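> Structure of the sequence below:
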Amino acid sequence: SDGIHHVQVLATNVDGEATLTPAAQLKIDGRPPTLQLSTGRGATVMVRVRDAASGVDVHRVIVSFGDGAAAHGRARLRHRYGHAGTYEIVAQVRDRVGNAAVIRRLVSVS
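Residues are numbered from 1 along each chain as shown. Next comes the predicted model:
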């Protein structure tokens, strides 16, 4: 499971001699980043990509806003639509350890 685990390795050779390594911390992150959306005044949407465990790899963030516009390279994005409507936002996200996802969200702006 995700989190910090303490591990030790017990190594045994063919003669049956064994040695135990000192305890070490092993950090596990198996979850991709998440997407947070909020709408503002004037057909504006704010997109925030978050990953509390490993951090967002901003160089691998690509967000399509559903109206032909796209942005990349940042964890916080703001977009203003030309007119009110319902749009599908598609975000390709990745964290610093390689967990990736494609996240789709509908947003209505007025």
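
> Return the residues in contact with the nearest residue to residue 72 once chain neighbours are set aside.
Excluding its sequence neighbours, the residue lying closest to residue 72 (C-beta to C-beta, 6 or more residues apart in numbering) is residue 62, at 4.5 Å. C-beta coordinates here come from the backbone N, C-alpha and C atoms, glycine included. Applying C-beta atoms under 8 Å, 6 or more residues apart in numbering to residue 62 gives the contacts 70-72, 91-92.

> So for this structure, which residue is the most central one in space?
In the chain, the C-alpha nearest the mean C-alpha coordinate belongs to residue 33, at 1.6 Å (C-alpha atoms, centre = their mean).

> contacting residues for the residue nearest to that residue when sequence neighbours are not counted?
Closest residue to residue 33 apart from its sequence neighbours, by C-beta to C-beta, 6+ apart: residue 51 at 3.9 Å. By C-beta under 8 Å, 6+ apart, the contact list for residue 51 reads 31-34, 95-96, 99.

> out of these, who's nearest residue 109?
Proximity of the contacts of residue 51 to residue 109 (C-beta to C-beta) peaks at residue 34, which lies at 21.1 Å.

> shouldn't that closest one be in contact with residue 56?
No - the pair residue 34 and residue 56 does not pass the contact test of C-beta atoms under 8 Å, sitting 9.7 Å apart.

> which one of those two has more residues nearby?
residue 56 (22 against 15; other C-beta atoms under 10 Å).

> how near is that one to residue 65?
Separation of residue 56 from residue 65 (C-beta to C-beta, to the nearest Å): 18 Å.

> Over to residue 1?
For residue 1, the distance to residue 65 (C-beta to C-beta) stands at 35 Å.

> Which one of these two is surrounded by more residues?
Neighbour count, other C-beta under 10 Å: between residue 1 and residue 65, residue 65 has more, with 20 against 5.
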